[in-house]
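Enquirer: take a look and give me a structure for this.
(chains A and B)
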Amino acid sequence: EDQVTQSPEALRLQEGESSSLNCSYTVSGLRGLFWYRQDPGKGPEFLFTLYSAGEEKEKERLKATLTKKESFLHITAPKPEDSATYLCAVPFDGGSQGNLIFGKGTKLSVKP
Amino acid sequence: DTGVSQDPRHKITKRGQNVTFRCDPISEHNRLYWYRQTLGQGPEFLTYFQNEAQLEKSRLLSDRFSAERPKGSFSTLEIQRTEQGDSAMYLCASSDGGQGRNEQYFGPGTRLTVT
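Expert: Residues are numbered from 1 along each chain as shown, chains lettered A, B, ... in the order given. Below is the predicted model of the structure:
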């Protein structure tokens, strides 16, 4: 069964304290891995798509990397405004056109 | 603003009532998705449209749920005879699907509370 597992469930950082979030997946043929940010009460906001092992994407303090079985979201020198839940998702292996399977997310809190 | 919009943003209804939600996708996107999200969980896929055709439905989508996308533009999701377990955030997303691009852009969601 296709699965997406994110760890840790929650992460508390001090402002400026860098760390990484993990997303592992078990689909047989990867057709992209997607990272989203979600603020409370809002819809997910698209961050990155990664398509092949070794690929990296960056946006401000965030960098996403991909291997054959997992992806990491590295947060460098985070600020309080980076506090949010970070979701990763992969297209369902048996699906027709990219309906996504999401992990439960990592809730990040950055304290000033 | 040309993002995905959803209406209403919040809906409180009594058990057994019918509710309908609307989603307006990004105008040039031909793919539209509905997801449901409960507290502490990631979004769960419900159904998918390419233009006006509903191509896929999740096993989560019971007979009480129906979705339409007339003319391939906006979409509606109707829940009949609501149950307390239907309380959730209902999210709509759209993508253009061109050149293998599957990035989905989400709307703000409709928060449903069934009392």
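
Enquirer: right, is stretch B:40-59 up against chain A?
Expert: Yes - Stretch B:40-59 reaches chain A (CB under 8 Å from any CB of the partner chain) through B:40, B:41, B:42, B:43, B:44, B:45, B:48, B:50, B:55, B:56, B:58. C-betas here are computed from N, CA, C, even on glycine.

Enquirer: most neighbours among these, please name it.
Expert: residue B:43 (29 neighbours; other CB atoms under 10 Å in any protein chain shown).

Enquirer: wouldn't it be in contact with residue A:44 here?
Expert: Yes - between residue B:43 and residue A:44 there is a contact at 6.9 Å, judged by CB atoms under 8 Å.

Enquirer: mind listing the shared neighbours of those two?
Expert: A:87, B:91, B:106 (CB atoms under 8 Å, 6 or more residues apart in numbering or on different chains).

Enquirer: now the residues you listed in TSV, with distance to residue A:49 and pLDDT?
Expert: What follows is those, written out as TSV (distance: CB to CB, whole Å; pLDDT from 0 to 100):
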residue	distance to residue A:49	pLDDT
A:87	13	98
B:91	18	98
B:106	14	97
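
Enquirer: residue ranges with poor pLDDT in chain B?
Expert: Applying pLDDT under 70 to chain B flags residues B:1, B:98-101.

Enquirer: need the residues of it near chain A, please.
Expert: Applying CB under 8 Å from any CB, we find that chain B lies next to chain A at B:4, B:6, B:31, B:33, B:35, B:40-45, B:48, B:50, B:55-56, B:58, B:91, B:93, B:95, B:97, B:101-109, B:111.

Enquirer: inside strands: which ones of the residues of stretch B:40-59 next to chain A?
Expert: Secondary structure from DSSP state E places B:44, B:45, B:48, B:50, B:55, B:56 of the residues of stretch B:40-59 next to chain A in strands.

Enquirer: from those residues, which is closest to chain A?
Expert: residue B:45 (4.3 Å; CB to the nearest CB).

Enquirer: which non-adjacent residue is nearest the closest residue to chain B within chain A?
Expert: Relative to chain B, the nearest point of chain A is residue A:102 (2.9 Å; CB to the nearest CB). For residue A:102, ignoring the flanking residues on the chain, the nearest one in space by CB to CB, 6 or more residues apart in numbering or on different chains is residue B:42 at 2.9 Å.

Enquirer: residues touching residue B:21, list them.
Expert: Here residue B:21 is in contact with B:6, B:7, B:8, B:11, B:76, B:77, B:78, B:90, B:92, B:110, B:112 (CB under 8 Å, 6+ apart).

Enquirer: circling back: what bridges to the residue of chain A closest to chain B?
Expert: Note on residue A:102: beta-bridge partners residue A:89, judged by DSSP bridges.

Enquirer: all set now, cheers.
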